[in-house]
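1. The following block contains a protein sequence and its predicted model.
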Amino acid sequence: MRQLLRIASWLYAVLVYGFIFLPVIVLVLFSLQATSFPIPPFTGPSLRWYDAVLSDTRLTSALVNSLLVASISSLAAVTLGFLCAWGLARFVLPGSGLLRGLITLPLTVSYLIIGMGLLVLFNWAGVPKSLLAAGIGHVVINLPLCFAIIYSQMGDHQINIERAARDLGAPEWKVLLLITVPVMAPAIFAGFFLSMTFSWDEFVISFLLTRFDTTLPVEIWNLLRSGLNPKTNAVGSLVFAVSIVLVVLFELTLLRRRKA
Amino acid sequence: MTAPLVDIRAVSHRFGQHTVLKDVSLQIEPGSYTVLLGPSGSGKTTLLSILGGFVTPSEGKVFIRGEDCTSVPPARRPTTTVFQDYALFPHMSVGSNVGFGLRMQGVDGATRAAKAREALALVGLAAAFDKKPHQLSGGQRQRVALARALVIEPAVLLLDEPLGALDLKLRRQMQDELKAIQKRVGTAFIHVTHDQEEAMALADHCVVMNDGRIEDEGPPERVYARPATRFSATFMGESTILAGTVTAVTERTSTVATPVGSVSLPGALPVGSAVALAIRPEHLVLGTAAGGVRLGTAGVSDVVFQGSFKRVLAVSIEDPSVRFIAKLPATATVQPGDTVAISCDTDQIIQLTD
């Protein structure tokens, strides 16, 4: 009986993980297909489609665009999020509960709504569809996230550390730069890498707010419109690999914080 | 006459509706070790925060070295604070922690390191220069915090319950070291504590605080032997308190009627005025002392053996609201339930102002 239960629970685990990872495994597997159709039987392995992706300038420039938008928008989001968190954690402000709520509110709003709202706003303000517009959109979705992560780690025990620095003659900007930022570094890195991950494979906002130069997920979508193609599998695998790296970095910074 | 190093003039402070300091004035001499002693909520920590510049008082002024520092921020006043939780910078080495204040003054790296090493040697931690704060024990962190605060040569060093987080044995040891370091560097220390033993051991000048006011201040010997108020007689050590009324006055003595008999005191007091008297436990005698004042008889309610002495609690038979606290030699043969005569030497009766 016990044996049976064990087998059943293993089977369950295999099914759950299979359900989650099978599409990715299939994607990666058929990106290595040697022939032109990503359908069984598997004919690889071959790197021919990776070669095709990397020699496709539209895809590679989209890849660079994505990296640029992700890193710059994440940097902006984490900087703004940190300053918000510091302000709300250290100073008594009127209605600070309401302010906190308003900052985290975009987390609950769908990307479609945010994208459409920004589209209307930029249209009205005369900001053209561009990577900059998409980047601003990514700041909008990632700032609340960075704020929430950093704010949750800003405890009272750091107040005395900051006080001690001030007491020893540090002006406010040095307190922030030399004390608060290093002490908060794990949370700041965690916020940054999570933002990178979200920005990296964000589609809806980028789709709505870019036109000629665009990000990788939008370019992949363009590619998919002309039907299944092993190139899409190869580029999808690349996107997945970068996401994995970012998530691992995020986990590592989080683990380091737990240990400290 | 030289001006005091620190001059606190009529400072009051409110947190919202709650008044935590009520018209406090205090002067601190250069090179002195001042202890602010009081129970929690007495305002002692707020007073220290006002000195450090972390709190701006609602009313009154603070002068340090003759300059009005009332609203000067902590970074620009000649004080440094040793925080109760030490507040060391966790991401910096011990050496960088100690050198931080000098770095903020723009001192170059080599001089900084040399001075930081010197300060660490002063607190007996020369070997810890390259360690991180989390590698040190509580007592060692305490010393690093002290070195960090002393290295920039403040006019006044403020210590906020610095020994509160240490165990008893380490506390007594650090206490002796603090005093020795203070004598060596000659900086004025202001130390907040609720531990009266710590206060007596460290202070040149002891300030007893209660409910936002200074109850008593002076050398600890004086504050202990002749407490000015009922509060300081009971907070700084224990006392038996007797309430009485002045019944007769001669030229140099007053006779006070108390529930346990009449007592004569030196000094002329107005007839009919109410007075409170305090007697320290070591001055009460069980049995009749020759030449002493008789304070009636009492039933012993409790005897606590404390190693070098016995602490005896007794309730007066004449007036059960009077509770005697006596300290007897460890060899005394007194037991709960005994009825004993109580007396005491007239010179040892302390008159309190309420």
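-> Received the coordinates, thanks. Numbers count the residues shown, from 1 in each chain, chains lettered A, B, ... in the order given.

2. The longest helix anywhere in chain B: which residues count as buried?
-> What stands out as the longest helix in chain B, according to DSSP state H, is helix B:168-185. Buried residues in helix B:168-185, counted by 16 or more other CB atoms under 10 Å in any protein chain shown: B:171, B:174-175, B:178-179, B:181-182. In short, each C-beta sits where N, CA and C put it, glycine included.

3. and the helix or strand just after it, average pLDDT?
-> Using DSSP states H and E, the helix or strand that follows helix B:168-185 in sequence is strand B:188-193. Average pLDDT, strand B:188-193: 93.

4. In terms of secondary structure, what does strand B:188-193 contact?
-> Applying 3 or more CB pairs under 8 Å, 6 or more residues apart in numbering or on different chains; DSSP states H and E, we find strand B:188-193 packed against strand B:33-37, helix B:44-52, strand B:156-160, helix B:168-185.

5. Make TSV out of these and add distance to A:Thr215 and mean pLDDT.
-> Listed next are those as TSV, based on distance: least, CB to CB, whole Å; pLDDT from 0 to 100:
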stretch	distance to A:Thr215	mean pLDDT
strand B:33-37	63	93
helix B:44-52	52	91
strand B:156-160	54	92
helix B:168-185	60	88
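
6. out of those, nearest to chain A?
-> helix B:44-52 (6.5 Å; CB to the nearest CB).

7. starting at the chain centroid, how far to the closest one?
-> 15 Å (CA atoms, centre = their mean, to the nearest Å).

8. For chain A, what's its nearest residue on the stretch 251-354 of chain B.
-> Using CB to the nearest CB, B:Gln306 is the residue of the stretch 251-354 of chain B that sits closest to chain A, at 36.8 Å.

9. In chain A, which helix is the longest?
-> helix A:57-90.

10. could you dump the longest helix of chain B to PDB, C-alpha only?
-> The C-alpha coordinates for helix B:168-185 follow below in PDB (Å, rounded to 0.1, in the frame of the first residue of the first chain):
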ATOM      1  CA  LEU B 168      25.600  40.600  33.700                       C
ATOM      2  CA  LYS B 169      29.200  39.500  34.000                       C
ATOM      3  CA  LEU B 170      30.300  41.100  30.700                       C
ATOM      4  CA  ARG B 171      28.400  44.200  31.700                       C
ATOM      5  CA  ARG B 172      30.400  44.700  34.900                       C
ATOM      6  CA  GLN B 173      33.600  44.100  33.000                       C
ATOM      7  CA  MET B 174      32.700  46.600  30.300                       C
ATOM      8  CA  GLN B 175      31.700  49.000  32.900                       C
ATOM      9  CA  ASP B 176      35.200  49.100  34.400                       C
ATOM     10  CA  GLU B 177      36.700  49.400  31.000                       C
ATOM     11  CA  LEU B 178      34.400  52.300  30.000                       C
ATOM     12  CA  LYS B 179      35.500  54.200  33.100                       C
ATOM     13  CA  ALA B 180      39.200  53.500  32.400                       C
ATOM     14  CA  ILE B 181      38.800  54.500  28.700                       C
ATOM     15  CA  GLN B 182      37.000  57.700  29.700                       C
ATOM     16  CA  LYS B 183      39.800  58.600  32.100                       C
ATOM     17  CA  ARG B 184      42.400  57.900  29.500                       C
ATOM     18  CA  VAL B 185      40.800  60.000  26.700                       C
END
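
11. in the sheet, who's paired with the nearest residue to B:Leu265 once chain neighbours are set aside?
-> Using CB to CB, 6 or more residues apart in numbering or on different chains and skipping the chain neighbours, the partner closest in space to B:Leu265 is B:Ser254 (5.1 Å). Taking DSSP bridges as the rule, B:Ser254 bridges to B:Val249, B:Leu265.

12. How about the residues of chain B by chain A?
-> B:52-54, B:73-76, B:79-81, B:83, B:85, B:87-91, B:100-101, B:104-105, B:148-149, B:152 (CB under 8 Å from any CB of the partner chain).

13. mind listing what the closest residue to B:Arg184 other than its chain neighbours touches?
-> Closest residue in space to B:Arg184, ignoring its immediate chain neighbours: B:Leu122 at 7.1 Å, by CB to CB, 6+ apart. Contact partners of B:Leu122, counting by CB atoms under 8 Å, 6 or more residues apart in numbering or on different chains, are B:147, B:150, B:181, B:184-185.

14. now the nearest residue to B:Gly43 once chain neighbours are set aside: how far from B:Thr70?
-> Residue nearest to B:Gly43 in three dimensions, not counting chain neighbours: B:Gly212, with 4.2 Å by CB to CB, 6+ apart. B:Gly212 sits 18 Å away from B:Thr70, taking CB to CB, to the nearest Å as the criterion.

15. Give me the next element, helix or strand, following the helix or strand harbouring B:Glu118.
-> B:Glu118 is located in helix B:109-122, with elements delineated by DSSP H and E. Counting by DSSP H and E, the element after helix B:109-122 in chain order, helix or strand, is helix B:138-150.

16. Just the buried positions in that next one, please.
-> Residues of helix B:138-150 classed as buried by neighbour count (16+ other CB under 10 Å): B:139-150.

17. That helix - contacts with which helices or strands?
-> strand B:79-82, helix B:94-104, helix B:109-122, helix B:168-185.

18. Save these as TSV, and put in distance to B:Glu238 too.
-> Formatted as TSV, the helices and strands packed on helix B:138-150 follow (distance: least, CB to CB, whole Å):
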stretch	distance to B:Glu238
strand B:79-82	30
helix B:94-104	41
helix B:109-122	37
helix B:168-185	19
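
19. quick one, which of the ones you listed is nearest to A:Gln153?
-> A:Gln153 lies closest to helix B:94-104 among the helices and strands packed on helix B:138-150, at 21.6 Å (CB to CB).

20. since we're on B:Gly261, how many residues are nearby?
-> For B:Gly261, the count of nearby residues is 17 (other CB atoms under 10 Å in any protein chain shown).

21. does it really touch B:Asp319, like I thought?
-> No - B:Gly261 is beyond contact range of B:Asp319, at 10.1 Å (criterion: CB atoms under 8 Å).

22. Quick check: pLDDT value at A:Arg166.
-> Model confidence at A:Arg166, expressed as pLDDT, equals 91.

23. ok, now how distant is it from B:Val98?
-> With the distance defined as CB to CB, A:Arg166 ends up 17 Å from B:Val98.

24. quick one: which of these two has more around it?
-> Using other CB under 10 Å as the criterion, A:Arg166 and B:Val98 rank with B:Val98 on top: 32 against 22.
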